[in-house]
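Participant: Kindly generate the corresponding structure for this input.
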Amino acid sequence: MRSFVSNNINNALHLASICFAAVLSTAGHASTWYVDSVATGSHNGTSWANAWTALGQISGVVPGDTVYISGGQTNLSQTYVVPSGGWNPIGGTVGNPVTYQTGQDAAHNGTVKIDGGGAQWLLMPKSGNFTISGTWLESA
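Facilitator: Numbers count the residues shown, from 1 in each chain. Purely as a prediction, here's the structure:
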């Protein structure tokens, strides 16, 4: 009887460790999101076709994620107006920032223009630790 119980406990512990390892392996998975002011899909940010159409729509971003922002086609530009309350990019953590980057393919790697609506604006990250890369221009 004793070996039966200890075998069941060993099996349960083994199964628990496998489940714990599976949870840890999926917890660190970074997501890619998209913003394109001319997207016509579902606007949930999951692809270029379903991209968010405004900076203020960005949500659900977590540390380690990348948000691609369309600058339009190569050698062109695409403009995004800062929401009236400013744009507060969602940030990451130390060593695991959220990256906001110009699109990488020819249909989206033009210049991203940020329009402050005639007023000065300041990027105020919600939690710090974010990176902006690519070609960006600001217009007040």
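
Participant: Now do the helices in the protein.
Facilitator: Applying DSSP state H to the chain gives helices spanning 2-27.

Participant: What segments of it are strands?
Facilitator: 32-35, 66-69, 77-81, 98-102, 111-115, 130-133, 136-139 (DSSP state E).

Participant: Flag every buried residue along the third one.
Facilitator: Okay, so that is strand 77-81. For strand 77-81, burial by neighbour count (16 or more other C-beta atoms under 10 Å) applies to 78, 80-81. All C-beta spots, glycine's among them, are computed from the backbone N, C-alpha and C.

Participant: and which of those is nearest Tyr100?
Facilitator: Of all those, Tyr80 has the smallest distance to Tyr100: 11.1 Å, by C-beta to C-beta.

Participant: Tell me which residues touch the closest one, please.
Facilitator: Neighbour list for Tyr80: 35, 37, 54-55, 69, 112-115 [criterion: C-beta atoms under 8 Å, 6 or more residues apart in numbering].

Participant: so how far is Ala39 from Gln57?
Facilitator: 10 Å (C-beta to C-beta, to the nearest Å).

Participant: now Thr74
Facilitator: 18 Å.

Participant: higher neighbour count, those two?
Facilitator: Ala39 (18 against 12; other C-beta atoms under 10 Å).

Participant: Now that one: closest residue in space, sequence neighbours ignored.
Facilitator: Using C-beta to C-beta, 6 or more residues apart in numbering and skipping the chain neighbours, the partner closest in space to Ala39 is Ala51 (3.8 Å).
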